[in-house]
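Colleague: Here you go, sequence then predicted model.
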Amino acid sequence: MTTSTQQITLFKHFSEIDKPLYSTIGATLKGIKEGKVKEEIEQIRASTNDDEIKKLKLQLPCVLFAGKFDIPITKHKEDGTMYKSFRNDTSLSIHSRFVPFDIDDVEDVETLKTDMMKDEYIFAVWKSPSGTGVHGLIKIADGNKHEQHYSSLIKRYPQFDTSARNPSRVLFFSYDPNLLVNDNSKTFFEVLEEEKFDGIVMSQITTDYKKLDIAARMIRSAEMGTRHNAVVKASYLVGGYIAGGLAEESIAREVLKHEVYNKFDGKDVETEYRAIDDGIRAGQFMPINELAKYQHEVMQEAGIMEDELSFLSSNIDDEEFIRRYKAGLIPMGLTFGYDDMDKYLLLKEGEFYATLSHSHTGKTTVNLWLIFISALKYDWGWVIYTGENRVSSLKMKLLEFYMGIKIKESQEEHMQQGIKWLNERFFFINNETMHVYKDILKYAEKVSKYHSIKGVLIDPINALKTTDKASKYDYEMEMYTDMLLFTKRTNISLFISIHTRTQSQRERDKDGNQLMPYPADADGGAVLYNKADIFITMNRNIQDPNNWMVTELYVNKMRNKETGGDVTPRNTAIRIRMQKGLEFTDDFGTVPFKRDYLKNIPKLIYHTPTTEDAEYEIDNTPF
């Protein structure tokens, strides 16, 4: 059926939000195809009564295809009672990297399904429970950007339900013996950042817009099921501001109505507008000495921090991390696929990696290989700046990694497939001019607004333009600190390579080979070692006739061991061996992937050019 083993979440009935069940995408699609709820679906499709159909659908199992939702969220009702819910965006611990979609009111479901399967990004399609719509799945590159991916998908597929953008979106279990799956569908990388509303610009000086922003954020951050309550509380707070002379009523009312309209997607907002009126009216009778206390209470409940204290770490976020770690929900680092390497060196999101090596020992090739594996196995997207190599040369090397053969010996079809794959995952910064480090970080964030980016490679850091405005030490301290903060702010990993000092390159062993460098041998060694999350030294004895192709790596520092990885023991290097310039194996000849993706590519058939072809060429040549 399908090889998809990613875990997803199911609920036996729509109302059982506190009793999640877990399965795989493959098993769930198999259940839809083989008729796990065939009788219930046939009853729904046979009915013509809308109320009956709605009642029957609520008895169906429902599926959250976005991943494993296993973090309980406590909900407080207005009557003081509480309940637990797992059907909430913040309940998601591990994303499946699949986005579900829903198309309603389709005239010819089977034709639409067949047509959609011709699209390279569609992973699966099947008939909805009503029989008049289509449900489906698309692979995405970054589960952390679920909504941004969906926003971009809507631009590509405007027929998708625009309200289904959040990860906890439910699809009812269905039945379709003609469910279609394409295991070789492409991963969708594009993202679209939503424009943020910055408030209404007004000239009156009696309105404190920071206060109004608190109320606006209360509505913006409200979860499904608590939105109305958030509108009531925000309006009551605004009523207090109005009574205290902190906001003009006409402006405050428009701000709240704008937030409500966005939060409810413009649907059924009249009820909420009345709640705004009632809340403002009631809030104006709030005792002035109670306003600050009430503001603090609602901000704490909504997880909002006052601007004056925004420099403090969020207690809510920190507690969530601690509880997720306790429950074993913090994602572990990803393996590269070598037994010896995977004990120590892992691929982690939002980490600062530093690689130190002597000149001309192949560190660029090793770094390219590691990020190539990340793109191939985990669909990581990368922004790359290389100051000492042609961009075309690095692209050729990545292509040869992908094909497992030299470019001159490759098939045209395989090379075209490889170029397309490469261009979807790697974005190279023009290196015809020098850049400062801040430019590289800025460019990476710009690309990440339109494409899923998980990593940035700067090779080497020594090739960046420096500044005369500070001492070398101050400059390096600022640069490496900014780089570390960049990874934590964006959750994008940063790989940098750096040359050793000249003196350390002169030091040799008894056989004349360069010695494995130490972190202190780097320019700015102490500063870089302190700032980096993961510090790696590597060496290759390029004049050794027996081992010139072997690169040894030591992990000298592993800051966050709770997500896996460790420093390598002394005299126990990770060894990888270059084979024919096309791949790295371990000492046992293991390559951590198979190139099955190169099979069954249809050959391109060329015909002898005709007169019409020649005329077309002439007509389209810009003489």
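Modeller: Thanks, I have the structure now. Nothing here was measured: the structure is a model prediction, and the numbers come from that model. Numbers count the residues shown, from 1 in each chain.
Colleague: Give me the buried positions along stretch 98-111.
Modeller: Counting neighbours by 16 or more other CB atoms under 10 Å, one finds that the buried residues in stretch 98-111 are 98-103, 106, 109. In this view, the C-beta of every residue, glycine as well, is placed from N, C-alpha and C.
Colleague: Mind putting those into CSV with secondary structure and distance to Asn88?
Modeller: Formatted as CSV, the buried residues of stretch 98-111 follow (DSSP: H, G, I helix; E, B strand; the rest coil; distance: CB to CB, whole Å):
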residue, secondary structure, distance to Asn88
Phe98, strand, 18
Val99, strand, 18
Pro100, strand, 16
Phe101, strand, 20
Asp102, strand, 19
Ile103, strand, 25
Val106, coil, 30
Val109, helix, 31
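Colleague: how about those residues in CSV, adding distance to Gln159 and pLDDT?
Modeller: What follows is the buried residues of stretch 98-111, written out as CSV (distance: CB to CB, whole Å; pLDDT from 0 to 100):
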residue, distance to Gln159, pLDDT
Phe98, 19, 95
Val99, 15, 95
Pro100, 14, 95
Phe101, 9, 94
Asp102, 10, 92
Ile103, 5, 92
Val106, 9, 90
Val109, 13, 93
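Colleague: Between those residues, which sits nearest Tyr378?
Modeller: Phe98 (14.4 Å; CB to CB).
Colleague: quick one: secondary structure of the residue nearest to that closest one when sequence neighbours are not counted?
Modeller: With sequence-adjacent residues excluded and distances taken as CB to CB, 6 or more residues apart in numbering, Phe98 is closest to Leu137, at 4.9 Å. Applying DSSP: H, G, I helix; E, B strand; the rest coil to Leu137 yields a three-state assignment of strand.
Colleague: what sits against Leu137?
Modeller: Each residue near Leu137 by CB atoms under 8 Å, 6 or more residues apart in numbering is listed here: 25, 65, 98-101, 122-124.
Colleague: Can you tell me how far the spatially most central residue of the chain is from Phe160?
Modeller: The residue at the geometric middle of the chain, judged as the C-alpha nearest the mean C-alpha position with CA atoms, centre = their mean, is Asp142 (2.9 Å). Using CB to CB, to the nearest Å, one gets 19 Å for the distance from Asp142 to Phe160.
Colleague: and if you look at Tyr121?
Modeller: 12 Å.
Colleague: more neighbours, those two?
Modeller: The residue with the greater number of neighbours, taking Tyr121 and Phe160 and applying other CB atoms under 10 Å, is Phe160; the counts read 22 against 18.
Colleague: The more buried one contacts Leu153, doesn't it?
Modeller: Yes: Phe160 sits in contact with Leu153 when judged by CB atoms under 8 Å, with a separation of 6.3 Å.
Colleague: which residues do these two both contact?
Modeller: Phe101.
Colleague: any idea which helix is longest in this structure?
Modeller: Under DSSP state H, the helix in the chain containing the largest number of residues is helix 472-490.
Colleague: Give me the helices and strands touching that helix, please.
Modeller: Taking 3 or more CB pairs under 8 Å, 6 or more residues apart in numbering; DSSP states H and E as contact, the helices and strands that helix 472-490 lies on are strand 352-357, helix 437-448, strand 493-499, helix 525-531.
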